[in-house]
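Asks: Predicted coordinates and the sequence they were generated for:
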Amino acid sequence: MTAAAPRTAIVSALHDELAGVLALMPDERRQTLAGRDFWRGHLHGQEVVAVLSGIGKVAAATTATLLIQHFGVQRIVFTGVAGGLGAGVNVGDVVLARALLQHDMDASPLFPRHEVPGYGRSRFSTDDALTDALARACERMLHALPQHLGADTLQAFGLRAPRLHQGLVLSGDRFVATTQESRVLQRELPEALAVEMEGAAFAQVCHDFRVPLAVVRTISDRADDAAHVDFPRFLRDVASRYSSGVLNMLLST
């Protein structure tokens with residue numbers, strides 16, 4: 001007998017990304033809980049629950065807990081956008097988190113800066129097997145970019161050869177959008193590839209419940225003063241297509 005595929009949570013950071021996911025689901029049904037709309041259905045025959053994360057770490061932690069405790073998901077895939085921090089991490093690139101850290105966690109001098117009290121650690125790892133599978137899906141998606149996006153979109157955002165990066169991603173309850181803020185993070189955490197607002201909260205909750213997590217982020221800007229991307233168009237024409245393309249490939253294999 002073949003084991004049933006795990007129930008997968010698909011979490012999007014923004015409405016356009018979630019809409020792209022829902023368009024792939026033939027039988028989604030909405031259920032509202034704690035002010036959130038959860039969409040239950042199937043994608044390539046696999047049982048999924050799709051939802052917006054909410055902005056910030058507290059909202060994200062609530063959503064993660066509901067997915068695990070109420071909907072019984074057995075793995076979580078988070079997609080969204082982020083600001084690039086690492087050298088060579090450019091607009092249109094994709095970052096896969098191998099570990100996540102709260103850059104604004106500071107309980108010093110009682111605990112070392114960035115360490116989460118009670119855990120003895122600052123970094124929470126994502127699931128290796130799920131992240132490896134997502135990496136393969138990302139590579140296939142990036143290879144197929146010309147047909148997914150079209151020449152006009154590639155040219156508009158200067159997406160010549162988008163790359164996949166894997167490593168440390170930062171999260172915090174502050175939108176990082178100035179060169180000064182970016183440089184502070186780069187000095188404090190030189191391994192960091194990108195910064196966003198939810199992933200580390202999901203990682204901590206998934207650690208507590210022993211639920212596999214993978215986090216993929218499309219780089220929309222460099223989180224500095226030079227950011228000039230038409231964000232609504234980037235989200236609609238690039239990031240949402242990245243997310244739906246990657247998830248389609250992940251769940252079809």
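Replies: Ah, there it is.

Asks: Give me the below-cutoff pLDDT ranges for the stretch 101-250 of the chain.
Replies: 146-148, 151, 154, 156, 227-229 (pLDDT under 70).

Asks: contacting residues around the residue nearest to residue 110 when sequence neighbours are not counted?
Replies: Excluding the flanking residues, the one nearest residue 110 by C-beta to C-beta, 6 or more residues apart in numbering is residue 117, at 7.3 Å. Bear in mind the C-beta positions are built from the backbone N, C-alpha and C, glycine included. The neighbours of residue 117, taking C-beta atoms under 8 Å, 6 or more residues apart in numbering as the test, are 107, 110-111.

Asks: Sketch out the helices for the stretch 101-250 of the chain, chain order is fine.
Replies: 128-143, 145-149, 151-156, 179-188, 199-209, 231-234, 240-251 (DSSP state H, counting those that start in this stretch).

Asks: closest to residue 99 out of the ones you listed?
Replies: Judged by C-beta to C-beta, the one of the helices of the stretch 101-250 of the chain that comes nearest to residue 99 is helix 199-209, at 7.9 Å.

Asks: roughly how far out does stretch 22-41 sit from the chain middle?
Replies: Taking C-alpha atoms, centre = their mean, to the nearest Å, one finds the center of stretch 22-41 at 19 Å from the center of the full chain.

Asks: Show me which residues of that stretch are buried.
Replies: Buried residues in stretch 22-41, defined by neighbour count with 16 or more other C-beta atoms under 10 Å: 22, 24-25, 28, 36, 38-41.

Asks: quick check, nearest of these to residue 70?
Replies: residue 38 (8.4 Å).
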